[in-house]
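A.B. asks: below are the sequence and a predicted model for it; my questions follow.
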Amino acid sequence: MSLSEFYSSLGESLDEVLDRLRMESRIMKYLGLFLEDPSFNELKEAFESKDAKTAFRAAHTLKGVAANLGLNKLSNTSSDLTEDLRPGVFTDKSQALLEKVEADYIAAVEGIKQLE
Amino acid sequence: MDETRPLILIVDDVALNRALLSDVLCDKYNILEAKNGNEALLLLREKTSEISLVLLDMVMPQKDGMEVLSIMNKNGWINEIPVIMISVETSHSLIEGAYSLGVTDFIGRPFDEMVLMNRVNNTIRLYAKQKQLSNLVLSQIYEKTRNNSMMVTMLSHIVEFRNGESGLHVLHINTITEMLLRELLCRSNKYAINRDDIGIISTASSMHDIGKITIPDAILNKPGKLTPEEFNIIKGHSLNGAQMLNSVPFGKDEPLMKHAYEICRWHHERYDGRGYPDGLKGDEIPIAAQIVSIADVYDALTSERCYKKAYTHEKALEMIHNNECGVFNPLLLECLDAISSRLVVSLQTFDWGKQADKDFFYIADSMMKDKAHPIYNQTFRQFINERKKSHFFESMLDDLLFEYSYTPAVIRFSSMASQKLGLPRTISEKDDKLALGANAENWEKIQSVVHQHPALSNDPIQTEVTLTVDGKSTPCKVMLLQIWENSPDKKPTLASVYGHIDILH
């Protein structure tokens, strides 16, 4: 799968990312680094250990990282979760919001793994 | 690493984010990275004067961006190091909070690399220009202060030399006046003087005897006893000095001029009202004149004059307390007692370099406190601290140290080295070797040692040489550390050498 196909498959646009980050090779490198970024795992663990503060921070980080890479869907769902967790406590919506983030995250990760 | 490029500190807990910034900026800048607020603060402390810009993330573990900012505010770093905050944060109040803590700019994620690059460039350029200007001002002030204190000292020396007195008198009065003032300010707020006046009054004290240039040689340097008439002429020096200052067409309202006038005119008044020229009594005599008066008497007693030998410190204090040489303000006598032991040390280890720096410290101190035009300059503060540190360590060290600079060739010895080698604290190549007496050979040997090793070395060089220590020929080990100066277009040149002399037994 090419970079452009990857972005289209997620409903995103490579051009928008290229405008900001200039080079395809660089975007490839960052997507590689994205796989190593621990934020999503931290988010999951924080939910398990009922640590809303850490969960907020991880969601916030994920939102920023995704935005930089043009993974706007993931960034948006992370943003919703971030705002939900901002007061520092879990709400009755938190779990559902996490599931949305997870779906977008998995879609992105699966796509990146198929990049040439 | 090319050290001429500005250094940027990137603070972000996410490796990917740091890489994103670092990739864009590393072509033009040197990059430091910190994974959290704590790491960032450590780097900021260590490299305050080197870091040109901080790119700061807002949400991080172990001290977030806002905490880093508030500490940067507390330490004054924010005034010298621009911070650009980069965050995906959209909360209006948080972003406003960052601005109120002094960030120069806020860049939201996702950011455009071109925009980021330009904002970084502009911020660094602006701050560099500001820093350059404030450094320029400071170095000029430093030069001017040094020159000014040197001028005042030179001119006062001329008066002293004509009087056949040692040129040290003026410098001693300076030191004693300063120490007494400091002590007085600790003990009482009765007088309308503050810390900022200390430097001015000590400088003004140098001029206490300028009126003596109006006294004919024949009377001033008369070897025998003076007739009452001649003594009256000599007494005229205080009023004459004051009138000389009064006839200077400008600066009447300057504190330096005011204090100099008070000191010239009234440094021979007595607390009991029996002094001259005006017979002022008690605190009618301005405090600056009272202090210089006591300093003058103390130094006159403890120095040798053509008509008397030098009294010991203890004897001089006793005579002053017994009103044998005038009557003084009891509060000032208390101050004199309080500084007594430190005074002896200060006068023995007097060093012109320290004196000139001291005047600069005063100005620097008041400039940094000036609310209207604060000078926040880390380089500057560091410079002062370095000078203070070296003065302090040097005074604590019993080691034989020297610092040799090549152009012009000047050597400065630590007080112990100067004592053991029988050489003055500072010697320049222009100095007359004959004046150095028997120990001139030590100076020649050290000169040849520092010229022996022209090759670039970053490690200390060790060499052996026989020097005359305490008058005896003694084998010594000398460690030399060379300081090379790099310039972009030339080969490095040897600027100076730090030396440590070890006596081999």
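C.D. replies: Ah, there it is. Everything quoted here is computed from the prediction, not taken from an experiment.

A.B. asks: which residue ranges of chain A form strands?
C.D. replies: Counting by DSSP state E, chain A has no strands at all.

A.B. asks: what does it put close to chain B?
C.D. replies: Chain A has residues A:19-22, A:26, A:29-30, A:33-34, A:36-37, A:39, A:54, A:57, A:60-61, A:63-65, A:67-70, A:75, A:79, A:86 near chain B, with proximity defined as C-beta under 8 Å from any C-beta of the partner chain. In this view, the C-beta of every residue, glycine as well, is placed from N, C-alpha and C.

A.B. asks: wait, does stretch B:61-78 make contact with chain A?
C.D. replies: Yes - using C-beta under 8 Å from any C-beta, stretch B:61-78 reaches chain A at residue B:61.

A.B. asks: and that stretch, end to end?
C.D. replies: Start and end residues of stretch B:61-78 are separated by 21 Å (C-alpha to C-alpha, to the nearest Å).

A.B. asks: hmm, back to that, among the residues of chain A next to chain B, which ones are buried?
C.D. replies: A:20-21, A:26, A:29-30, A:33-34, A:37, A:39, A:54, A:57, A:60-61, A:63-65, A:67-70, A:75, A:79 (16 or more other C-beta atoms under 10 Å in any protein chain shown).

A.B. asks: show me the domain layout of chain B.
C.D. replies: As given by automatic domain parsing, the domain ranges for chain B are B:7-111, B:137-162+B:351-396, B:165-349, B:397-503.

A.B. asks: what's the most buried one of the ones you listed?
C.D. replies: Highest mean neighbour count among the domains of chain B (mean count of other C-beta atoms under 10 Å in any protein chain shown): domain B:7-111, with a mean of 19.

A.B. asks: gap between the host helix or strand of residue B:118 and the chain center?
C.D. replies: Using DSSP states H and E, the element containing residue B:118 is helix B:113-162. Put simply, helix B:113-162 sits 14 Å off its chain's centre (C-alpha atoms, centre = their mean, to the nearest Å).

A.B. asks: cool, stretch B:425-437 as well?
C.D. replies: Centroid displacement of stretch B:425-437 relative to its chain, using C-alpha atoms, centre = their mean, is 25 Å.

A.B. asks: ditto for stretch B:62-69
C.D. replies: 36 Å.

A.B. asks: rounded mean pLDDT for it, please.
C.D. replies: Stretch B:62-69 shows a mean pLDDT of 91.

A.B. asks: how about the CA coordinates for that stretch, as CSV?
C.D. replies: Presented in CSV, the C-alpha positions along stretch B:62-69 are these (Å, rounded to 0.1, in the frame of the first residue of the first chain):
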residue,chain,number,x,y,z
GLN,B,62,6.9,15.0,36.0
LYS,B,63,6.3,18.7,35.8
ASP,B,64,4.2,19.9,32.9
GLY,B,65,4.8,22.9,30.7
MET,B,66,3.0,25.3,33.0
GLU,B,67,5.1,24.3,36.0
VAL,B,68,8.3,24.7,33.9
LEU,B,69,7.1,28.2,33.0
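
A.B. asks: and the residue of chain B nearest chain A?
C.D. replies: Nearest residue of chain B to chain A, counting by C-beta to the nearest C-beta: residue B:88, 3.5 Å away.

A.B. asks: picking up where we left off before, export the domains of chain B to JSON lines and append columns for distance to residue B:118.
C.D. replies: Below are the domains of chain B laid out as JSON lines (distance: least, C-beta to C-beta, whole Å):
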{"stretch": "domain B:7-111", "distance to residue B:118": "11"}
{"stretch": "domain B:137-162+B:351-396", "distance to residue B:118": "26"}
{"stretch": "domain B:165-349", "distance to residue B:118": "44"}
{"stretch": "domain B:397-503", "distance to residue B:118": "26"}
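
A.B. asks: check those domains for me: which has the lowest mean pLDDT.
C.D. replies: Minimum mean pLDDT among these: domain B:137-162+B:351-396, a mean of 66.

A.B. asks: surely residue B:310 meets residue B:303?
C.D. replies: Yes - using C-beta atoms under 8 Å, residue B:310 is in contact with residue B:303, at 5.5 Å.
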